[in-house]
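Enquirer: this one's structure only:
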Ligand code: DX5
Ligand code: ZN
């Protein structure tokens, strides 16, 4: 099973609830990118926006905290209605952050940047509910997928399976119908997609197309079937 997680980063922030409503039927999770202008050179949203969205959506809120000090905000995100919070391994204090997230009742995720080696997350695999392998440099939507990260996705899948760990394996950045077969073949099972969904004229159709591409890749079916 593959989960599709549209990223609201590329949605119209002026009518966010409406944008989320348009993709809700095709989405498994909603990915919320939190940027602090410090860990990444961009600013986005915080707990108040999560709380507002919570009133309009019953989707699983997958909050991706691109922040230097996520520990100061985990409780606020939980109160706002986040279901999962993912912190970056690059900010340190990883075990403490993961156990604090779980103590608050959040699903605890651990993310790593493209240039961070697999070995950085290896010690924490048994402490996480989700691993997020970034397939672009974090900070902005609409960037090109970095194929060089695929071996790290595959390595993470291999280790999760070898240790019989049930953590989700999520990829984020440059995911569309072209790159979906590559990440699914490498072992990813949660696909975050921002611009490919929200910049399309009919976002729900794009989400559905990504899901179809993922299911075909899972079934080992050819990615492009010949037309009639
Ligand atoms: C990037 C964010 C992503 C972003 C992906 O820093 O973490 O979630 O929304 O956007 P696309 O799908 O456009 O690469
Ligand atoms: Zn993200």
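Expert: Arrived safely, thanks for sending. Note that the structure is a prediction, hence the values are computed from the model and not measured. Ligands and ions are numbered 1, 2, ... in the order given.
Enquirer: residues in contact with the residue in the chain positioned nearest to ligand 2?
Expert: Closest to ligand 2 within the chain is residue 64: 3.7 Å, counting by CB to the ion. C-beta here means a position set from N, CA and C on the backbone, and glycine is covered the same way. Residue 64 sits next to 31, 32, 33, 34, 86, 109, 111, 132, 172, 192 when contact means CB atoms under 8 Å, 6 or more residues apart in numbering.
Enquirer: In this structure, which helix is the longest?
Expert: Looking across the chain with DSSP state H, the single longest helix is helix 203-219.
Enquirer: just to revisit the earlier point, top of the contacts of residue 64 by number of neighbours, please.
Expert: For the contacts of residue 64, counting by other CB atoms under 10 Å, the largest number of neighbours falls to residue 132: 30 neighbours.
Enquirer: Does it touch residue 108 like I think?
Expert: No - Residue 132 lies out of contact with residue 108 (CB atoms under 8 Å); the separation is 11.1 Å.
Enquirer: which neighbours do those two share?
Expert: Jointly contacting residue 132 and residue 108 under the rule CB under 8 Å, 6+ apart are residue 86.
Enquirer: Which residues of the chain lie near ligand 1?
Expert: Listed as neighbours of ligand 1 in the chain under the rule CB under 6 Å from any ligand atom: 7, 9-10, 31, 33, 64, 136, 138-143, 172-175, 192-196.
Enquirer: Filter these down to the buried ones and hand me the PyMOL line.
Expert: PyMOL command restricting the residues of the chain next to ligand 1 to the buried ones, with burial defined by 16 or more other CB atoms under 10 Å:
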select buried, resi 7+9+10+31+33+64+136+138+139+140+141+172+173+174+175+192+193+194+195+196
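Enquirer: Tell me which entries of the residues of the chain next to ligand 1 lie within helices.
Expert: When the residues of the chain next to ligand 1 are checked against helices (DSSP H), the matches are 195, 196.
Enquirer: Could you check how far the closest residue to residue 177 other than its chain neighbours is from residue 85?
Expert: In space, residue 177 comes closest to residue 213 once its chain neighbours are excluded; the distance is 4.6 Å by CB to CB, 6 or more residues apart in numbering. Per CB to CB, to the nearest Å, residue 213 is found 28 Å from residue 85.
Enquirer: And these two? Which one has more around it.
Expert: Neighbours were counted for residue 213 and for residue 85 using other CB under 10 Å; residue 85 has more, 27 against 23.
Enquirer: So that one: helix, strand or coil?
Expert: Put simply, residue 85 is strand when judged by DSSP: H, G, I helix; E, B strand; the rest coil.
Enquirer: still on that earlier bit, list the buried residues for the longest helix of the chain?
Expert: Residues of helix 203-219 classed as buried: 203, 204, 206, 207, 208, 209, 210, 211, 213, 214, 216, 217 (neighbour count, 16+ other CB under 10 Å).
Enquirer: That one packs against which elements?
Expert: strand 3-6, helix 16-23, helix 180-186, strand 190-193, helix 195-198 (3 or more CB pairs under 8 Å, 6 or more residues apart in numbering; DSSP states H and E).
Enquirer: Output the ones you listed in JSON lines; the columns should cover distance to residue 95 and mean pLDDT.
Expert: Below are the helices and strands packed on helix 203-219 laid out as JSON lines (distance: least, CB to CB, whole Å; pLDDT from 0 to 100):
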{"stretch": "strand 3-6", "distance to residue 95": "25", "mean pLDDT": "98"}
{"stretch": "helix 16-23", "distance to residue 95": "33", "mean pLDDT": "98"}
{"stretch": "helix 180-186", "distance to residue 95": "27", "mean pLDDT": "98"}
{"stretch": "strand 190-193", "distance to residue 95": "23", "mean pLDDT": "98"}
{"stretch": "helix 195-198", "distance to residue 95": "34", "mean pLDDT": "98"}
